[in-house]
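# Pasted the sequence and its predicted model underneath.
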Amino acid sequence: MSSDIDGALPRRPALGGKVALVTGGSRGIGAATCLALAACGAKVAVNGRDRAAIDEVVATITADGGTAVAAPADVTDEAEVLAMRDTVERELGPVEILAAFAGGQGAPASTADLGAARWRAIIESDLTSVYLTVAAFLPAMVERGEGAIITMSSTAGRHPSGANAAYAVAKAGVVMFTKHLANEVGGHGVRVNCLAPSAVLNDRIQRFMSAEQLDELAASYPLGRIGRPEDVAQAVLYLASDVSSWITGVTLDLTGGRVIM
């Protein structure tokens with residue numbers, strides 16, 4: 001496995017035996033989240049579109065004695081999401097922890113040059129995918145009277161940034177979707193919270209930024225570094241576990257102090 005999803009993580013026994021699904025779970029933050037949940041005893045379904053990358057995460061978990069299955073699907077396609085749900089429930093059981101993390105098309109582009117096709121593609125990837133994923137698994141959570149849903153926004157959805165406008169709008173939409181849903185289903189025992197990370201070290205950043213640029217970026221954060229996938233995974237463990245049982249509708253800014261609200 002690549003170094004961005006390695007490293008020891010504390011275990012939370014309260015997650016033992018729970019079934020978790022992570023969309024976008026084959027790389028970066030999603031992969032680190034899969035490993036963290038498995039380290040806490042959760043049975044993890046790893047979603048993505050790259051089967052080789054999914055299988056690598058699954059193999060890492062099972063080699064460490066955990067339980068994981070591959071759950072490949074395009075989460076912008078409703079039929080594929082529903083088929084994925086049926087597969088996961090058949091292989092692991094009802095999903096109790098849902099991390100809707102797929103997306104990430106934030107590359108800079110001027111609004112005038114973005115174009116309608118790219119706008120729609122980004123909205124589908126970063127907002128509609130969250131709705132389709134949640135809509136597939138929510139009814140069973142409501143029926144059982146329990147569940148933890150964690151969505152993925154970004155600092156781009158909280159404040160203007162260098163990301164493209166469609167991505168910013170999609171991520172802002174995820175924040176409001178989270179709030180709306182938390183208010184709607186709280187009475188059914190389902191909690192819904194959101195994470196909004198700033199720059200997190202991943203393969204893409206390492207590929208396109210020099211060591212000097214990374215150092216300059218790290219220096220711009222009050223804590224003196226950019227984020228690691230494990231930083232986000234730790235927040236997932238908190239929001240997925242009973243230690244946050246009185247928290248819902250919250251967006252947690254994971255920014256090393258760069259965003260202080």
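Nice, thanks for sending it over. Numbering: from 1, shown residues only.
# Please, where are all the strands along the protein?
Secondary structure of the chain by DSSP state E: the strands cover 19-23, 43-48, 67-72, 97-100, 147-152, 190-197, 251-254.
# where's E56 relative to R27, distance?
Note on E56: its distance to R27, by C-beta to C-beta, to the nearest Å, is 9 Å. Just so you know, the C-beta spots here come from the backbone N, C-alpha and C atoms, and that holds for glycine as well.
# who has more neighbours, these two?
Here E56 and R27 are compared on neighbour count by other C-beta atoms under 10 Å; more neighbours surround R27, at 22 against 18.
# count of neighbours near the nearest residue to I123 once chain neighbours are set aside?
Computed as C-beta to C-beta, 6 or more residues apart in numbering, the closest residue to I123 that is not its neighbour in sequence is A170, at 5.3 Å. By the measure other C-beta under 10 Å, the count of residues near A170 is 28.
# what pLDDT does A170 get?
The predicted local confidence for A170 comes out at a pLDDT of 98.
# same deal with the one 4 residues further on?
We have a pLDDT of 98 for V174.
# Now do the same contact list for it.
V174 makes contacts with D126, L127, V130, T151, M152, S153, G157, C194, as judged by C-beta atoms under 8 Å, 6 or more residues apart in numbering.
# Of the residues you listed, which one scores lowest on pLDDT?
G157 (94).
# Now that residue: closest residue in space that isn't a chain neighbour?
Of all residues not flanking G157 in the chain, K171 sits nearest, at 2.7 Å (C-beta to C-beta, 6+ apart).
# So which residues of the stretch 101-250 of the chain form helices?
Secondary structure of the stretch 101-250 of the chain by DSSP state H, counting those that start in this stretch: the helices cover 111-114, 116-123, 129-144, 165-185, 203-208, 211-219, 229-240.
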